[in-house]
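**Student:** Below are the sequence and a predicted model for it; my questions follow.
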Amino acid sequence: MERQFISTDEALQSVGYEITRKVLEVEMCSGEVYAYEGVPYPVYCSLMTARSRNRYFQKKVRNSYPSRKVPALTADTLVPYA
């Protein structure tokens, strides 16, 4: 999945979303990547426009959707976020 670089100042470094599968992929500044399943598109949009993406992620995503750690070899490309 292609992820967009968002920040090195917060715990989240990059975020990607696959709309057909409703999967949100989050790369932490530690380099670990997690996939969250069943995330509605409006939640992804709110995350990307949140004043504090990390705070939004912690409150609305982290413990609200099933997740799995993505092995490093399958983590995909990083693109700049506009």
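**Tutor:** Everything's here; your move. Numbers count the residues shown, from 1 in each chain.
**Student:** For residue 56, give its distance to residue 47.
**Tutor:** 5 Å (C-beta to C-beta, to the nearest Å). Where C-beta positions appear, they are placed from N, C-alpha and C, glycine not excepted.
**Student:** I meant to write residue 60 there.
**Tutor:** With distances taken as C-beta to C-beta, residue 60 is found 7 Å from residue 47.
**Student:** who has more neighbours, the two?
**Tutor:** residue 47 (21 against 15; other C-beta atoms under 10 Å).
**Student:** Enumerate the positions of the helix or strand encompassing the more buried one that are buried.
**Tutor:** Assigned by DSSP states H and E, residue 47 belongs to helix 41-49. Neighbour-count burial for helix 41-49, counted by 16 or more other C-beta atoms under 10 Å, picks out 43, 44, 47.
**Student:** That one - what's its average pLDDT?
**Tutor:** Averaged across helix 41-49, pLDDT comes to 96.
**Student:** tell me the mean pLDDT over the helix or strand following that helix?
**Tutor:** Heading C-terminal from helix 41-49, the first helix or strand you meet, by DSSP H and E, is helix 53-56. Regarding helix 53-56, the rounded mean pLDDT is 93.
**Student:** Would you point out which residue is most central in this protein?
**Tutor:** residue 26 (2.7 Å; C-alpha atoms, centre = their mean).
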